[in-house]
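>>> Predicted model and sequence follow; I will ask about them next.
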Amino acid sequence: MALFDDTWMKGFQEQWNAEPTLFGALEKINFNSVIGYGFPADDTCIGFINVVDGKVTEAGAYDGRALSWDMRAEEKNWDKWLKKEIGMTGLGLAFTTGKLKFKTGDFKAMISDPRMAGPFIKSFGAMGRV
């Protein structure tokens with residue numbers, strides 16, 4: 001199983017939906033997004049999740065659909081963040097140093113909204129359990 005391939009993304013869906021502090025917080029704000037994950041050198045992301053009212057309803061290999069968020073980082077950085085859950089400071093540093101890139105989506109708006117920032121950090125923990 002490779003990072004962000006179809007099998008990995010389905011495992012991420014299970015972990016996301018098993019984490020009440022993640023999906024529950026997003027359910028309260030009726031969070032809906034299609035989120036892509038991948039590497040900076042690639043033309044498109046590799047995997048995606050579709051979040052409806054906080055829960056992941058679809059996950060798998062990216063199929064070309066429009067993305068609300070498209071997050072990219074080098075594999076070594078993803079690996080580091082998945083081994084040790086990234087906190088708010090680490091996340092801010094990853095963004096400002098360019099280690100975490102958003103091809104689509106407004107990182108600054110998201111991270112400044114506590115209703116979204118906390119669950120975003122929790123999503124890295126869910127990734128780390130795949």
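Received the coordinates, thanks. Numbering: from 1, shown residues only.
>>> dump the residue contacts of Gly54.
22-31, 119 (CB atoms under 8 Å, 6 or more residues apart in numbering). For glycine as for every other residue, the C-beta is placed from the backbone atoms N, C-alpha and C.
>>> can you rerun that using 10 Å?
Applying CB atoms under 10 Å, 6 or more residues apart in numbering to Gly54 gives the contacts 16-17, 20, 22-33, 119.
>>> now do Ala61
4-10, 45-48.
>>> Turn those into TSV, including neighbour count.
Compiled in TSV, these are given as follows (neighbours: other CB atoms under 10 Å):
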residue	neighbour count
Phe4	25
Asp5	14
Asp6	15
Thr7	15
Trp8	20
Met9	23
Lys10	18
Cys45	21
Ile46	19
Gly47	23
Phe48	25
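>>> Which ones among the residues you listed lie within helices?
If you go by DSSP state H, these have 6-10 in helices.
>>> what's the weakest-modelled helix or strand in the chain?
Within the chain, confidence by mean pLDDT, DSSP states H and E is lowest for helix 107-111 among all helices and strands, at a mean of 83.
>>> chain center to that helix, what's the gap?
Relative to its chain's centre, helix 107-111 lies at 13 Å (CA atoms, centre = their mean, to the nearest Å).
>>> ok, residues contacting it?
33, 69, 71, 88, 91-92, 94-96, 100-102, 116-117, 119-121.
>>> do the same with stretch 3-13
Here stretch 3-13 has contacts from 1-2, 36-39, 42, 45-51, 55-62, 75, 78-79, 82, 123, 126-130, using CB under 10 Å, 6+ apart.
>>> Sounds good, over and out.
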